Structures are given as C-alpha cells and as structure tokens.
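S.K.: quick check, what structure comes out for this input:
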Amino acid sequence: MAAVRGRVVVVTGASGGVGRAVVRELGARGARVALIARGTTGLGAAAVDVGTEGGSAQIYEADVADYDQVREAAARIEAEMGPISVWINTAFSSVFAKFIDISPEEYKRTTDVTYLGYVWGTKAALDVMAPRNTGTIVQTGSALSQRGIPLQSAYCGAKHAIKGFTESIRTELLADKRDIHLTLVQLPAVNTPQFDWVLSKLRRHPQPVPPIYQPEVAARAIVYAAEHPERKEYWVGATTAATLLAQRIAPALVDRYLARTGVDSQQTPDKPPTGVSNLWEPADENADYGAHGSFDDRSHSRSPQVWLSQHRKAVAMALAGAAATGAAIKALRH
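M.R.: Below is the predicted model:
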C-alpha cells in the first residue's frame, strides 16, 4: 500500500463533483493536494475544504483541454510542492442531447476536455514520474466506458476512449518494466453538479439514472485505488457491475432496453432545464457548486459492492473456507 499522507497528489477537476469529494478525502488522509480546474471560486472553496479536513492544498488554474496549460501546471507543482506521487484525472464536461442536435464544435470541445484532458494529464504525470521510475496515475472512468446510452454520445465516446488509451499505456509501462502504476475506477451514476451545470438541450432537467450514489462513495474508491494501484480496474456500485456484465452477456438486449427507457430515465418529470453550461467557460467562476448535485434525497451514501470489490481475495478465501468446513462437517456426519 502506498499511503497518500504527506505525498503530493494532483487532482484535475478538483473544484466540483467527484473531484471535489476526492480532494476532501485526500485532505482527511493528510495529503498535500494540488488542485487543477478552471473556476476560481470553486478552486478556492476546494482548497479550504482540504485544509479543514487536515491536509494542505495549492491552486493551479488550468484548462485540461490545453496541453501547454497542464504541462505548465505540473512544472509549477513540482517546483512549489515537490515531486508528484499520484495524479488523479477526474475533469470532464459534456452535452446532454441527442447526437443529431450537437454541433461539431460542441462535440469537439467535449472530446478535448473529457478525453484529451485525461491524455494530457497522463502525459504530464509520466513526464515527471518516468525519470524517477515511480508514481501512480488514477483514471476516473464510468460504467459508460463499455456501454453507451442515449443523450450522452460525446461523454460515452470519451469514456470508451479513456479505457482503450489507459490499457495501451499500461502495456507500454509493463513492457518497459517501469514501477509506475496506472489504474482505472469505473463509476456508477453519481449525484454531482454535472446535472446542474453541463450544457443541456433537453426539455427537462437532466438526472442520473437511478440508483444514484453520493460523490463520497466514488471518492473513497478513487483514493483507495491510489493507495492500492496494483489492480488494473475497480468497479464502484452494484449497477456498474450489473451494467458491465450485462453488456458482455447480452448487448443486443441492453440496446433494446435503453432504446425504450434511456431517454425518459435521464430527465426529471418536473424540473425545467437550468440554462447553465460549463462547456466553454467555468460555471463556478463566481459560485461554488461543491461536490453534491440536487439529488441528495435519492442518493446512497454507501455501496457494499465497493468493499467486496476491494477485498475480493479475502472474500473468496472466506467462501472457500466456509465451503471446505461445510464439506468436512457433512463428511463427519456420514
């Protein structure tokens, strides 16, 4: 285990949503956190959160879609905070709309932020980690990295790309026998400001597909992955596991199910659209959105599946032991 206490940990998308919950969790574990995002108000509030939890933080404002800005931020972090031990990519943006209604400019911008933002973050991290031959990179993925759904083609495409990119880089690190870990954390639907500030062309307010989890569930899993990076992939939430397994077993059936339910299940019946968009400019330049979205009353704060996933070897051994004990007792009775 590589504990994050006292180490320099970079988090992109640190000002809101899952990223904001991650930096709080890191602060509680005594990490020195470098916060990368755009909106100054959200970044400032995130830095306060880290300090309140017991860690320390510095702000590095940058647009992850711009490689030069990410590279310069990494250089400043190394100069001002010290060697980067962990780099966590969480930043993204998107468009809620049918593909036919998304402009080429909007689609490209989503891809630049959500996919290339991870590519540039990974490159900046490897540029400083490779000479030292040590470090960990955590990619925040999604169940939608292997199963596309309606109204989120740009986001799903980017998450699919992140998975393929991550697998490719991992094999290169293995081939070069580098002691640098790269792991992917696949998330379920999470109650974040995403549904309040992402560009939406829907007639109703977008919502996560239930069941919904609180961002702290995701944050704990991501920080656990940073401290236990030997696994190539973690799944968070029973719905993530069910989605990925269903896609492997019966993808055509999942297609038809989503065609029937996918559009309505991603829109609330009563809330109107927010009119807010963070695609081109940060929504939290003058307002702090925090980690949570507007679905607290419908969100789960725990996921037993996460514990089982993180301790699957111990669980398997316990089950095997129970089975062996049962067999022995049965034999003695006969």
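S.K.: only C-alpha atoms for contact and neighbour calcs from this point on.
M.R.: Fine.
S.K.: and stretch 128-135, what's buried?
M.R.: Applying a neighbour-count criterion of 16 or more other C-alpha atoms under 10 Å, one finds 128, 129, 134, 135 buried in stretch 128-135.
S.K.: end-to-end on it?
M.R.: Start-to-end span of stretch 128-135 (C-alpha to C-alpha, to the nearest Å) is 9 Å.
S.K.: neighbouring contacts of that stretch?
M.R.: By C-alpha atoms under 8 Å, 6 or more residues apart in numbering, the residues outside stretch 128-135 that reach it are 83, 84, 85, 86, 178, 179, 180, 181.
S.K.: now with 7 Å, please.
M.R.: Stretch 128-135 is contacted from outside by 85, 86, 178, 179, 180, 181, using C-alpha atoms under 7 Å, 6 or more residues apart in numbering.
S.K.: contact partners for the most centrally placed residue in the chain?
M.R.: When C-alpha atoms, centre = their mean is applied to the chain, the residue found nearest the centroid is residue 140 (2.8 Å). Residues in contact with residue 140 (C-alpha under 7 Å, 6+ apart) are 89, 90, 184, 185, 186.
S.K.: gap between the second one and residue 133?
M.R.: Read that as residue 90. Distance from residue 90 to residue 133, by C-alpha to C-alpha: 23 Å.
S.K.: again with the last one
M.R.: Here the distance between residue 186 and residue 133 works out to 26 Å (C-alpha to C-alpha).
S.K.: sketch out the low-pLDDT regions of the stretch 101-250 of the chain for me.
M.R.: The stretch 101-250 of the chain contains no residues with pLDDT under 70.
S.K.: which stretches of it form strands?
M.R.: 135-142, 180-187, 199-200, 212-213, 233-235 (DSSP state E, counting those that start in this stretch).
S.K.: counting by contacts, list what the last one packs against.
M.R.: Just to be clear, that refers to strand 233-235. Secondary-structure packing of strand 233-235 (3 or more C-alpha pairs under 7 Å, 6 or more residues apart in numbering; DSSP states H and E): strand 180-187.
S.K.: mind doing that once more with 10 Å?
M.R.: For strand 233-235, the elements it packs on are strand 135-142, strand 180-187, helix 215-227, helix 238-249, helix 304-310, judged by 3 or more C-alpha pairs under 10 Å, 6 or more residues apart in numbering; DSSP states H and E.
S.K.: quick one: strands adjacent to that strand?
M.R.: Strand 233-235 sits in its sheet next to strand 180-187 (parallel), going by DSSP bridges.
S.K.: from the chain's centroid, how far away is the strand it pairs with?
M.R.: Mean C-alpha position of strand 180-187 versus that of the full chain (C-alpha atoms, centre = their mean, to the nearest Å) differs by 9 Å.
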